[in-house]
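Engineer: got a predicted model here, sequence first, then my questions.
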Amino acid sequence: MIPASFHTTVASLDRLPADSLAEVAFVGRSNAGKSSALNALANRRRLAFVSRTPGRTQHLNYFRVGPGRYLVDLPGYGFARAPLTQQRTWQALAGDYLVSRAALRGLVWIMDIRHPLTELDRQLITWWRQTGKPVHVLLSKADKLSRGQALAAVRAVREWLAGQGLPGEVQPFSATRRMGLEQVEAVLRAWLDLPGAGIGGKKNPAQGDKAGWNEP
Ligand code: GDP
């Protein structure tokens, strides 16, 4: 668990918090399970739903997890009937933020394990790739699949990432069953230099999980 509290809502790049030393962005298609993942990580039932309140859905929502340390909830992309203006708004704020924010250490990318890597997802990664920064993929709603199916999905996305030359890891995740939490939490602690990083002496926090999702 990473204690988090709502900090601020940002509607334009010139309003980003000036005190940020390190931050991690959460991104995903609408309905992928991003809010549920943030809530599960922070162990707060409604934390990320603050991003849903009117006037905030298209903004960057900052959650403070330590001094100068933030998780940033980006607007979901890919509403089926989103007007073009909304897509442009997303690019002008979230897209530009992703490529230009110096304090940004890495990206947590949430995709529904049952249909990852849609056309829109791939477009997002063409933006991110230019940063050279790592991505950590949560394949969400893993409780909807058998273990074998989940691991096959993880392998496929992992291979795709490697083919793209993108540094990062891929893991199954379920907010409802609280599966895969330790794994992503270790990545966040390492990226954000939060206390507790490296506990247990794991060399790569993205590998290994007590929830039984490891490959043999
Ligand atoms: P967001 O739009 O990406 O923030 O997605 P939400 O977190 O609001 O989740 C979208 C829908 O998926 C909701 O109906 C959630 O209850 C459901 N959901 C989210 N995470 C999980 C999960 O781990 N397992 C299952 N079965 N459903 C989930």
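Structural biologist: Okay, I see it.

Engineer: how far away is the closest residue in space to L145 that isn't next to it in sequence from the ligand?
Structural biologist: The shortest distance from L145 to any non-neighbouring residue, by CB to CB, 6 or more residues apart in numbering, is to I113 (5.9 Å). (Glycine included, C-beta is placed from N, CA and C.) Remark: distance between I113 and the ligand (CB to the nearest ligand atom, to the nearest Å) = 9 Å.

Engineer: all helices of the chain, in order?
Structural biologist: Secondary structure of the chain (DSSP state H): helices at 34-42, 84-90, 96-100, 119-129, 147-164, 181-192.

Engineer: what's the last one packed up against?
Structural biologist: Same thing as helix 181-192. With contacts taken as 3 or more CB pairs under 8 Å, 6 or more residues apart in numbering; DSSP states H and E, helix 181-192 sits against strand 22-28, helix 34-42, strand 60-66, strand 104-112, strand 135-140, strand 168-172.

Engineer: residues from the protein in reach of the ligand?
Structural biologist: Contacts of the chain with the ligand, taken as CB under 6 Å from any ligand atom, map to 28, 30-36, 76, 140-141, 143-144, 174-176.

Engineer: can you select the buried ones among those residues for me in PyMOL?
Structural biologist: Here is the PyMOL command that picks out the buried ones among those, judged by 16 or more other CB atoms under 10 Å:
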select buried, resi 28+32+33+34+35+36+76+140+141+174+175
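
Engineer: pick the most buried one from the helices and strands packed on helix 181-192.
Structural biologist: strand 135-140 (a mean of 26; mean count of other CB atoms under 10 Å).

Engineer: quick one: strands adjacent to that strand?
Structural biologist: Note on strand 135-140: by DSSP bridges, its sheet partners are strand 104-112 (parallel), strand 168-172 (parallel).

Engineer: pull the residues that contact the last one.
Structural biologist: By CB atoms under 8 Å, 6 or more residues apart in numbering, the residues outside strand 168-172 that reach it are 106, 113, 134-139, 142, 150-151, 153-154, 157-158, 161, 179-180, 183-184, 187, 204, 206-207, 209, 213.

Engineer: related to what we said a few turns ago, CSV for the helices and strands packed on helix 181-192, including mean pLDDT?
Structural biologist: Shown next, in CSV, are those (pLDDT from 0 to 100):
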stretch, mean pLDDT
strand 22-28, 97
helix 34-42, 95
strand 60-66, 96
strand 104-112, 98
strand 135-140, 98
strand 168-172, 97
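
Engineer: find the nearest non-adjacent residue to G168, please.
Structural biologist: Once flanking residues are discounted, G168 sits nearest to V135: 3.9 Å by CB to CB, 6+ apart.

Engineer: all good on my end, thank you.
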